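**Student:** the following block contains a protein sequence and its predicted model.
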Amino acid sequence: MEQAISSSGQHFLPITDTSHEPDPHPAEGCGCDAAVPTKDLIAVLHRAALDAVFGATPARRTVLRMLGGATALAVLDTIFPLRALEAMAQESAKPENAELTIGFIAITCSTPLVVADKLGFFREHGLDVELVRTPGWGAIRERLANDQYEASHVLTPLPLAMQLGVGGAAKPAALSLVQNTNGNSIALAMKHKDNRDPKNWKGMTFAVPFDISMQNLLLRYYLAEQGLDPDKDVTIKAVPPPEMAANLKAGILDGFLAPDNAAQLAVHNGAGFIHLVSKEIWDGHPCCGIAVQPALIKEAPNTYLAIARALIKSSAHVANAENRREAAQIAADQKYINIPGEVAEAVLTGTFEDGLGNRKTVANRIDFQSFPYHSMAVWMLTQMKRWGFVKGEIGYKQLAEQVFRAVDAQKLLKEAGLDAPATTYVTHTIMGKTFDAGQAAAYLDGFAIKKA
């Protein structure tokens, strides 16, 4: 029987058409938790890949008869992540590339990354990671696109934008995991402490960390729900989070929607107050994530999986309330985010001063749920189209499933003994309104305020 080699040099096991055979692992009474030999498991994965693309009989038999099983799998390897699936079947395989450079931005959203570095979770999975503090999101995008970073902390909409060529040349990108949920606030300058009604915010200037960011999409959504056109009634500009509090104090900004360390620093410095936390807009919204180059998934799948496994462990660790203070002190360190420890602790524990004389406790002000729902990606795409970042028609689900690696995350969460969502699409509630990814076009059409 022939053995094919893909364009990446991967050897595939011989496979024959077994569509006429009974399932060797029937669903009922199979004891599916029992160990299956790796070679057999990989053969099952190969058959599943052929089924997914070519269907069952008679189509698959026709393909196999014309090409041969191994050749068909070599063709599939160009469009289907067979090597990553095989790597999952061989869970103990060593990373192909042990030494990695991973970029990050110095904000509390990066907590799982810096904790994984400090507590040795990367080393546990065979990786020697150099975390590189990066000056801004534009540099993150450029270094990912130019292969300077194998993986990086990213704003969750950024891989979608890179795939579409929004804001730069198109470059394939993949979002492996969400790094944090919630974790942002709208902060206002102290001069606005009696101006809390957004309907009175016309003419004000706001900052967000980057144009293609959840912060920008959420701020625009919030303003539009209050009847303000974010492109006509206010000014929104991109400002690095470390500069936001100073700009607020200097009167250059009236407010911002940014990671909570920037908002809490504004309170700490007396520059402003917290108008609301982003959880009040959308509880459980994604913020930052971990992007990887698709080439890494294809050419070094064990490395890709090792990164994900380390970060799943770290996310679960910092999601635990008992570990939040320790995580805050790690994150605050000069090597990482370089902020006062009390600022980091206020963000991560959810007990904080709001700048108006109130001490608040908000459970999961920031949280660390790592699952990259496809439905989250579809919502981002509707808003990118709503505000003119994307022109023309969008295959919402196709693009979401291409970029967000939710199926891999399901497998890895189960492997780690953590709860894994049964589906990659769920409904989300944003400011009291339900979003259903299956009705994306109708949802977008329903907005009264959007880009003409």
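**Tutor:** Perfect, thanks for sending it.

**Student:** so what's the spatially closest residue to residue 271 that is not a sequence neighbour up against?
**Tutor:** In this structure, residue 271 finds its nearest non-sequential neighbour in residue 249, 3.7 Å apart by Cβ to Cβ, 6 or more residues apart in numbering. C-betas here are computed from N, CA, C, even on glycine. Neighbouring residues of residue 249 by Cβ atoms under 8 Å, 6 or more residues apart in numbering: 189, 266, 269-272.

**Student:** what's the farthest-apart pair in those?
**Tutor:** Spanning the widest gap among the contacts of residue 249 are 189 and 269, at 11.7 Å by Cβ to Cβ.

**Student:** any idea how far residue 109 is from residue 310?
**Tutor:** Taking Cβ to Cβ, to the nearest Å as the measure, residue 310 falls 17 Å from residue 109.

**Student:** so for those two, which residue has more residues nearby?
**Tutor:** The neighbour count for residue 310 versus residue 109, taken as other Cβ atoms under 10 Å, is higher for residue 109 (32 against 24).

**Student:** and the more buried one, that one's in a strand?
**Tutor:** No. Looking at residue 109 with DSSP: H, G, I helix; E, B strand; the rest coil, it is helix, so not inside a strand.

**Student:** confirm for me that it is in contact with residue 179.
**Tutor:** Yes. If you go by Cβ atoms under 8 Å, residue 109 and residue 179 touch, sitting 6.1 Å apart.

**Student:** what do those two both touch?
**Tutor:** Residues touching both residue 109 and residue 179 (Cβ under 8 Å, 6+ apart): 153, 287-288.

**Student:** I'd like these laid out as CSV, including secondary structure and neighbour count.
**Tutor:** As requested, the shared contacts of residue 109 and residue 179 are exported to CSV (DSSP: H, G, I helix; E, B strand; the rest coil; neighbours: other Cβ atoms under 10 Å):
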residue, secondary structure, neighbour count
153, strand, 29
287, coil, 25
288, strand, 30
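
**Student:** from these, which is closest to residue 217?
**Tutor:** Nearest to residue 217 among the shared contacts of residue 109 and residue 179 is residue 287, at 10.7 Å by Cβ to Cβ.

**Student:** for that closest one, what are its contacts?
**Tutor:** Residue 287 sits next to 109, 155-156, 178-184, 214-215, 259, 278 when contact means Cβ under 8 Å, 6+ apart.

**Student:** please, a ChimeraX command that selects the buried ones among those residues?
**Tutor:** To isolate in ChimeraX the members of those that are buried, counting by 16 or more other Cβ atoms under 10 Å, one can use:
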select :109,155,156,178,179,180,181,182,183,184,214,215,259,278
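
**Student:** in helices, which of the contacts of residue 287 appear?
**Tutor:** If you go by DSSP state H, the contacts of residue 287 have 214-215 in helices.

**Student:** which of the contacts of residue 287 fall in strands?
**Tutor:** Of those, the ones assigned to strands by DSSP state E are 155, 178, 181-182, 184, 259.

**Student:** mind putting these in JSON lines, distance to residue 316 and pLDDT included?
**Tutor:** Shown next, in JSON lines, are those (distance: Cβ to Cβ, whole Å; pLDDT from 0 to 100):
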{"residue": "155", "distance to residue 316": "22", "pLDDT": "98"}
{"residue": "178", "distance to residue 316": "13", "pLDDT": "98"}
{"residue": "181", "distance to residue 316": "13", "pLDDT": "98"}
{"residue": "182", "distance to residue 316": "16", "pLDDT": "98"}
{"residue": "184", "distance to residue 316": "22", "pLDDT": "98"}
{"residue": "259", "distance to residue 316": "21", "pLDDT": "98"}
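
**Student:** from the residues you listed, pick the one nearest residue 93.
**Tutor:** Using Cβ to Cβ, the ones in strands among the contacts of residue 287 come closest to residue 93 at residue 178, 25.2 Å.

**Student:** ok, that closest one to residue 305 distance?
**Tutor:** Counting by Cβ to Cβ, the gap from residue 178 to residue 305 is 17 Å.

**Student:** check residue 144 too.
**Tutor:** The separation that residue 144 has from residue 305, given Cβ to Cβ, amounts to 19 Å.

**Student:** now swap in residue 114 and tell me
**Tutor:** For residue 114, the distance to residue 305 equals 21 Å [Cβ to Cβ].

**Student:** same deal with residue 210?
**Tutor:** Taking Cβ to Cβ as the measure, residue 210 falls 28 Å from residue 305.

**Student:** could you pull out the helices in the stretch 301-450 of the chain for me?
**Tutor:** Along the stretch 301-450 of the chain, counting by DSSP state H, counting those that start in this stretch, helices occupy 301-319, 324-332, 341-349, 374-386, 396-403, 406-415, 440-445.

**Student:** could you dump those helices to JSON lines with mean pLDDT?
**Tutor:** Below are the helices of the stretch 301-450 of the chain laid out as JSON lines (pLDDT from 0 to 100):
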{"stretch": "helix 301-319", "mean pLDDT": "98"}
{"stretch": "helix 324-332", "mean pLDDT": "98"}
{"stretch": "helix 341-349", "mean pLDDT": "98"}
{"stretch": "helix 374-386", "mean pLDDT": "98"}
{"stretch": "helix 396-403", "mean pLDDT": "98"}
{"stretch": "helix 406-415", "mean pLDDT": "98"}
{"stretch": "helix 440-445", "mean pLDDT": "97"}
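
**Student:** got those as TSV, with distance to residue 355 columns?
**Tutor:** Output for the helices of the stretch 301-450 of the chain, formatted as TSV (distance: least, Cβ to Cβ, whole Å):
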stretch	distance to residue 355
helix 301-319	25
helix 324-332	19
helix 341-349	11
helix 374-386	29
helix 396-403	37
helix 406-415	37
helix 440-445	35
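
**Student:** where in the stretch 201-350 of the chain is pLDDT low?
**Tutor:** Nowhere does the stretch 201-350 of the chain drop to pLDDT under 70.

**Student:** where do the helices sit along the stretch 101-250 of the chain?
**Tutor:** Residue ranges of the helices in the stretch 101-250 of the chain, as given by DSSP H, counting those that start in this stretch, are 111-118, 121-124, 137-145, 158-164, 214-225, 241-249.

**Student:** distance-wise, check residue 311 relative to residue 421.
**Tutor:** Applying Cβ to Cβ, the value for residue 311 to residue 421 is 17 Å.

**Student:** residue 177 and residue 310 touch, don't they?
**Tutor:** No. The pair residue 177 and residue 310 does not pass the contact test of Cβ under 8 Å, sitting 10.4 Å apart.
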